[in-house]
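Colleague: sequence and predicted structure are below.
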Amino acid sequence: MPTYERELSFVRDWLALSRDRRGLFMKAVAKMVIDLQAGTGFCKGLRVKGVQGYPDVYEMTWAPDGRATFHYGTSPHPGDTHIV
C-alpha cells in the first residue's frame, strides 16, 4: 500500500478548495493509488508528467484546471511507494 505525507503548502491549498473540488481531487488520488499498487505506471487520464526545471518533481492533473505536484520519498514500510 502506498504511503504519503503532506507538506504545509498542500494543507493550505487543500483548505482553500471547495467540497466539490476536494471530491474531484480524492477521486484522482484513488486512481493514483490503484496505479501505484498495480505497478504498471499511471493511467493516461491522470496526465502525470515531470515538472520542467525541477528534477524528481511530478504533476498530476485532477481537473481541467486542477494540478497537484508530488515527489517520491522514503516509505516507513520498506518496499512501499511513498508520495510527498
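Modeller: In hand now; what should we look at? In this text the structure is predicted, and so the values were computed from the model without any measurement.
Colleague: and the contacts of the longest helix seen in the chain?
Modeller: When the chain is parsed with DSSP state H, its longest helix is helix 19-38. Contact with helix 19-38 is made by 1-2, 14, 17, 41-43, 45-46, 48, 60-63, 66, 68, 81, 83, as judged by C-beta atoms under 8 Å, 6 or more residues apart in numbering. (Each C-beta comes from the backbone N, C-alpha and C, glycine too.)
Colleague: what segments of the chain are strands?
Modeller: Taking DSSP state E as the criterion, the chain carries its strands at 3-4, 49-50, 58-63, 66-70, 82-83.
Colleague: could you dump those strands to JSON lines with distance to residue 26?
Modeller: As requested, those are exported to JSON lines (distance: least, C-beta to C-beta, whole Å):
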{"stretch": "strand 3-4", "distance to residue 26": "13"}
{"stretch": "strand 49-50", "distance to residue 26": "21"}
{"stretch": "strand 58-63", "distance to residue 26": "9"}
{"stretch": "strand 66-70", "distance to residue 26": "11"}
{"stretch": "strand 82-83", "distance to residue 26": "14"}
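Colleague: with mean pLDDT and distance to residue 30 added, can I get these in JSON lines?
Modeller: Listed next are the strands of the chain as JSON lines, based on pLDDT from 0 to 100; distance: least, C-beta to C-beta, whole Å:
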{"stretch": "strand 3-4", "mean pLDDT": "94", "distance to residue 30": "13"}
{"stretch": "strand 49-50", "mean pLDDT": "96", "distance to residue 30": "20"}
{"stretch": "strand 58-63", "mean pLDDT": "94", "distance to residue 30": "11"}
{"stretch": "strand 66-70", "mean pLDDT": "95", "distance to residue 30": "13"}
{"stretch": "strand 82-83", "mean pLDDT": "96", "distance to residue 30": "13"}
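Colleague: fine, thanks again, bye for now.
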